[in-house]
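Q: Could you look at this predicted model? Sequence included:
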Amino acid sequence: MQTVMRHRRGSGIYCTALLTALFLLAPLYFQPNPGGRGLELPYNIPVWGFASFVIGGGLYLVAATQQFIRPAHSWAFLLFPLVMILSGIVAGSSQPIPWLFRQIYVVGGILFLFSLFQFNLKQPQVERILYVVVASAVINALIATTQIFSPELIQGWLVTAGNTPIGTFQQINLLSSFLATGIILSFYLMSRPSIGSAPLAARLLLVVCIGSGAFIITYIGSRVGMLAAVSGLIILLISRRQLFKKRAMLTCLGLLSLLAGTIPGGTIQELSGFEKLSQKTVEIAKGADASIRINMYAMALELVAQKPGFGHGIGNFQRVWGMQSGDYHQRNPDARLPPYVTHPHNELVYWLIEGGIVSVVGILVAVGATLLAMIRCGPQRGGGYAALLLPISLHAQVELPFYISSLHWFLWLFLIFMLLRHRTTTATVPLSLPATRLIKVSVILACVGSSYFMIHSARAQSDIYAYLTKKEGQGSYLRVALNNLYFNAYAERLAMRNLLHASILGKNPDKVRYFAQWAEQQIAVNPRLKLFEDLINAYTFLELEEARCKIIHTGTWMYPMNQPLKTAAGTCKNPG
């Protein structure tokens, strides 16, 4: 028992420090980058670095104390990664590296969730972390405000997109859902008993977060952000109304701050945030945007019907979607479809296509266990947790925030941890001395290895950007990236594209043929739109008209709404 107490005594401080770094410091890390998702965005690299130490610390505590703290119905949260791995084995994947990183993403997230329980965080420590998230939201709102009015002030530090507020996330809807979470968190903390003894600076932080977050969300005109903030706030105010009544003055101040941010944010600028929202709503009413969504979901259902059980395999979405696009468009020539699709803008649909019903059942079981935990918490506490989880959960139904921003993924998991921590069980894990030492050493080595990989990935990302922006000595910039497991495929595409252009310029048909063979293999696995453009150029140089028209036909089949491919098809007498 003394050993257990000794190890647990400082674990809460360790976890609090790591989560502070994860939610507050990691989003501020930036280096020039071409954009994208996952580790292609700089801040995700330290986010995963800090998360790996949280996971490592949790596993180390299990070995050191020989105790495993788990939430009620923990099997429900372990089911999804198990069925996901099973689905991946049965369905297979033509892209092993994306498959591997998807597994790591989900399994790492579940390990992160279970590791949080091992630190036995007390309520004051949990609330400190929530204040850290609120502070992070304020910083992002401040950065976004600077991006609107004086982007030149931060051009040397952060990427800017004209006067568009994108925060540190480089995407407006990610910023909106994060700020919406910050707003609801601020009101939630106002309803906590501890707010009575909180310092003035803490209360001021909550009020500023509400006003600044509301300003940016309405300025952007984000439907996701506005709907999440309004819906979450209504749920919160209703479910915790008795607590808000006790703090009526602070609650009123928070609501006034909300209005003070919403009104100018929605009215200033030539085309106001309210007008942007109105235009988007009109588009839906007219059927333009809704028509695209309906056709996408119709295609998705057709793909699910083809392989309902285990899906088409993780990493195979773009290939099977492209093939289905041609077939669907041929049957529905007037159907509105986006010109280029890399995901179906819905988390559940994404898993249905790639992982099948088996994977989605795993997700729904975990969702069911979460809802059950909310109900058991009662309307006041459970309603509060539902409101906190709403913004990011809603965002996942219209886009893929988890794959773009790992910060959203771990914040969402931390909020789930808050909900589940009220009902836990401690199980004894009998380990021999050699097993205990092996686990401890393995955890330390894994953390060191993870840190090295993240540093290597940061260098690879930096070199890829240098390659894309500098004209002289380009080849040397890709050496690190080509030896990085995550960036290898990206670097290979850049290197091969450079080979093509240099070979065409140098009139070297052998190397152009080599590129064409490689590109044909790549298109069969992952038909990226840029590959079609390059392959058409290669066949044009080689004067292989039949092969050129064949690849144009394949491209227009997979991307029937892409105008450049349709224009190219007009130059072929018989593109089929």
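A: Looks like it arrived, so ask away. Residues are numbered from 1 along each chain as shown.

Q: Give me the pLDDT value at I183.
A: I183 is assigned a pLDDT of 97 by the prediction.

Q: For it, give me its contacts.
A: Counting by C-beta atoms under 8 Å, 6 or more residues apart in numbering, I183 touches A137, C209, I210, G213, A214, I217, A229, G232, L233, L258. Bear in mind the C-beta positions are built from the backbone N, C-alpha and C, glycine included.

Q: how deep is R493 tucked in, by neighbour count?
A: For R493, the count of nearby residues is 18 (other C-beta atoms under 10 Å).

Q: Kindly report the same for the one 5 residues further on.
A: For N498, the count of nearby residues is 15 (other C-beta under 10 Å).

Q: Confirm that F68 sits in a helix.
A: No. Looking at F68 with DSSP: H, G, I helix; E, B strand; the rest coil, it is strand, so not inside a helix.

Q: Tally up the residues packed near it, please.
A: The number of residues packed near F68 is 18, by other C-beta under 10 Å.

Q: now swap in L116 and tell me
A: 27.

Q: and A502, how far is that from P34?
A: For A502, the distance to P34 equals 21 Å [C-beta to C-beta, to the nearest Å].

Q: one step back: show me the contacts of I183 that map onto helices.
A: Of the contacts of I183, the ones assigned to helices by DSSP state H are A137, C209, I210, G213, A214, I217, A229, G232, L233, L258.

Q: Let me see the contact set for the first one.
A: What it means is A137. Per C-beta under 8 Å, 6+ apart, neighbours of A137: F178, L179, T181, G182, I183, L185, C209, G213.

Q: pretty sure the third one contacts I392?
A: Going back to what we said before, that points to T181. Yes. Using C-beta atoms under 8 Å, T181 makes contact with I392 at a distance of 6.2 Å.

Q: who's more crowded, these two?
A: Legend: neighbour count by other C-beta under 10 Å for T181 and I392, higher for T181 (30 against 24).

Q: so which strand or helix has the more buried one?
A: Here T181 sits within helix 172-190, counting by DSSP states H and E.

Q: Could you do I294 as well?
A: Assigned by DSSP H and E, I294 falls in helix 288-306.

Q: residues in contact with that helix?
A: Contacting residues not belonging to helix 288-306 are listed as 280, 283-284, 311-312, 320-321, 324-325, 328, 332, 335-338, 341, 344-346, 349, 352-353, 356-357 [C-beta under 8 Å, 6+ apart].

Q: how about 6 Å then?
A: The contact list for helix 288-306 (C-beta atoms under 6 Å, 6 or more residues apart in numbering) reads E283, I284, V320, Q324, Y328, A335, R336, L337, P344, V349, L352, I353.

Q: Counting neighbours, which of those comes out on top?
A: I353 (28 neighbours).

Q: Name the nearest residue to that one, sequence neighbours excluded.
A: Residue nearest to I353 in three dimensions, not counting chain neighbours: L303, with 5.0 Å by C-beta to C-beta, 6 or more residues apart in numbering.

Q: what's the pLDDT at the one you found?
A: pLDDT, L303: 90.

Q: same question, L277
A: Note on L277: pLDDT of 53.

Q: Can you give me the buried ones in stretch 201-219?
A: By 16 or more other C-beta atoms under 10 Å, the buried positions in stretch 201-219 come out as 202-203, 205-219.

Q: Can I get the ones in helices among the contacts of I183 in TSV including pLDDT?
A: Shown next, in TSV, are those (pLDDT from 0 to 100):
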residue	pLDDT
A137	97
C209	97
I210	96
G213	95
A214	94
I217	93
A229	93
G232	94
L233	95
L258	95
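
Q: Redo the contacts of A137 as JSON lines? Include distance to P564.
A: Shown next, in JSON lines, are these (distance: C-beta to C-beta, whole Å):
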{"residue": "F178", "distance to P564": "35"}
{"residue": "L179", "distance to P564": "37"}
{"residue": "T181", "distance to P564": "39"}
{"residue": "G182", "distance to P564": "41"}
{"residue": "I183", "distance to P564": "42"}
{"residue": "L185", "distance to P564": "45"}
{"residue": "C209", "distance to P564": "45"}
{"residue": "G213", "distance to P564": "40"}
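
Q: N483: which of these is nearest?
A: Top of the list for closeness to N483, among those and by C-beta to C-beta, is F178 at 33.5 Å.

Q: burial of the closest residue to Q123 other than its chain neighbours, as a residue count?
A: Ranked by C-beta to C-beta, 6+ apart and with sequence neighbours excluded, the top spatial neighbour of Q123 is S194, at 7.9 Å. S194 has 11 neighbouring residues, counting by other C-beta under 10 Å.

Q: Let's see the pLDDT reported for S194.
A: pLDDT at S194 comes out at 92.

Q: burial measure for K511, as a count.
A: For K511, the neighbour count with other C-beta under 10 Å is 15.

Q: Roughly how far does it sit from L25?
A: For K511 relative to L25 (C-beta to C-beta), the value is 46 Å.

Q: same deal with L431?
A: According to C-beta to C-beta, L431 stands 34 Å off from L25.

Q: and what of G362?
A: Between G362 and L25 the distance, using C-beta to C-beta, works out to 33 Å.

Q: what do you get for G506?
A: Note on G506: its distance to L25, by C-beta to C-beta, is 48 Å.

Q: The two: which has the busier surroundings?
A: L25 (15 against 9).

Q: In space, what's closest to that one - neighbours in sequence excluded?
A: Take L25 and drop its neighbours on the chain: the residue closest to it by C-beta to C-beta, 6+ apart is P46, 7.3 Å away.

Q: Just checking the distance from whichever strand or helix holds that neighbour to the centre of its chain.
A: According to DSSP H and E, P46 maps onto helix 44-65. On the basis of C-alpha atoms, centre = their mean, to the nearest Å, helix 44-65 sits 20 Å off its chain's mean C-alpha point.

Q: what about that helix, average pLDDT?
A: Mean predicted confidence for helix 44-65 is 95.

Q: May I have that helix as PDB, with CA atoms only?
A: Extracted in PDB, the C-alpha atoms of helix 44-65 (Å, rounded to 0.1, in the frame of the first residue of the first chain):
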ATOM      1  CA  ASN A  44       0.100  17.900 -34.100                       C
ATOM      2  CA  ILE A  45       3.700  16.800 -33.600                       C
ATOM      3  CA  PRO A  46       4.200  18.000 -30.100                       C
ATOM      4  CA  VAL A  47       0.500  17.100 -29.300                       C
ATOM      5  CA  TRP A  48       1.300  13.500 -30.000                       C
ATOM      6  CA  GLY A  49       4.700  13.900 -28.200                       C
ATOM      7  CA  PHE A  50       3.000  15.000 -24.900                       C
ATOM      8  CA  ALA A  51       0.200  12.400 -25.300                       C
ATOM      9  CA  SER A  52       2.800   9.600 -25.600                       C
ATOM     10  CA  PHE A  53       4.300  10.600 -22.300                       C
ATOM     11  CA  VAL A  54       0.800  10.600 -20.700                       C
ATOM     12  CA  ILE A  55       0.300   7.100 -22.100                       C
ATOM     13  CA  GLY A  56       3.700   6.000 -21.000                       C
ATOM     14  CA  GLY A  57       3.100   7.400 -17.500                       C
ATOM     15  CA  GLY A  58      -0.100   5.600 -17.200                       C
ATOM     16  CA  LEU A  59       1.400   2.200 -18.200                       C
ATOM     17  CA  TYR A  60       4.400   2.800 -15.900                       C
ATOM     18  CA  LEU A  61       2.000   3.400 -12.900                       C
ATOM     19  CA  VAL A  62       0.100   0.100 -13.700                       C
ATOM     20  CA  ALA A  63       3.400  -1.700 -13.500                       C
ATOM     21  CA  ALA A  64       4.700   0.100 -10.500                       C
ATOM     22  CA  THR A  65       1.500  -0.100  -8.400                       C
END
